[in-house]
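Novice: Provided below for reference: sequence and predicted model.
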Amino acid sequence: MTGTAGVSGVLKMSQDGTGPTKIVGSITGLAAGKHGLHIHEFGDTTNGCMSTGPHFNPNKMDHGAPTDAVRHAGDLGNVVATASGCEFTIEDAQIPLDGANSIIGRAVVIHELEDDLGKGDSSEIGTQGKTSKTTGNAGARLACGIIGKGVSSS
């Protein structure tokens with residue numbers, strides 16, 4: 001992942017069979033606190049992270065928490081940064097690496113603010129900052145990267 005203001009990172013994804021996809025990530029340059037992490041629709045960074053489009057949402061649902069029955073497939077919740085960086089492991093069944101809803105070729109984005117998990121203010125849909133049901137009010141896109149297949153090192 002690359003982005004603005006020195007934010008960058010590496011995420012490694014793996015999946016055993018049809019089980020959940022495991023993401024092991026390391027991101028540097030974030031302010032301390034919670035930051036929304038999402039899979040976005042398009043693997044396009046021609047206009048920076050803005051080209052990645054909306055959250056990956058093949059089932060046309062509202063934004064939510066990773067544990068919610070109603071959520072975008074790409075809603076991965078929050079990761080926590082400290083002064084020494086941001087290290088995390090996430091497992092999620094809605095982001096397969098193969099098949100019809102594969103995330104290969106899409107993008108992963110880390111956001112400036114905490115994701116309110118679809119439980120915040122949605123009074124001005126389409127206006128940045130009050131879009132809980134579509135963005136989780138997670139703010140600016142700080143860094144992103146296109147999800148591709150690599151060679152396993154194990």
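Specialist: Perfect, I can see it now. Because the structure is predicted, anything quoted here is derived from the model rather than measured.
Novice: In the protein, mark out all the helices, start to finish.
Specialist: Remark: helices assigned in the chain by DSSP state H are 132-135.
Novice: which residue is nearest the centroid of it?
Specialist: For the chain, the residue nearest the mean C-alpha position is H38 (1.5 Å; CA atoms, centre = their mean).
Novice: isn't that one right up against N78?
Specialist: No: judged on CB atoms under 8 Å, H38 makes no contact with N78 at a distance of 10.3 Å. Every C-beta, even on glycine, is put in place using the N, C-alpha and C of the backbone.
Novice: what's the overlap in contacts for those two?
Specialist: D115 (CB atoms under 8 Å, 6 or more residues apart in numbering).
Novice: hang on, the earlier thing: can you name the residues bridging to the residue nearest to the centre of the chain?
Specialist: On the basis of DSSP bridges, H38 is bridged to D75, V109.
Novice: Quickly note the distance from G145 to P66.
Specialist: For G145, the distance to P66 equals 20 Å [CB to CB, to the nearest Å].
Novice: How about A32?
Specialist: 22 Å.
Novice: How many residues are close by T89?
Specialist: Neighbour count for T89, taken as other CB atoms under 10 Å: 10.
Novice: Tell me the pLDDT of it.
Specialist: What the model reports for T89 is a pLDDT of 98.
Novice: Isn't it up against S26?
Specialist: No: applying CB under 8 Å, one finds T89 not in contact with S26, separated by 10.5 Å.
Novice: what's the closest non-adjacent residue to M13?
Specialist: Leaving aside its chain neighbours, M13 sits nearest to I23 (5.2 Å; criterion: CB to CB, 6 or more residues apart in numbering).
Novice: how many neighbours does that neighbour have?
Specialist: Neighbourhood size, I23 [other CB under 10 Å]: 22.
Novice: Spit out the contact partners of it.
Specialist: 11-13, 76, 88-92.
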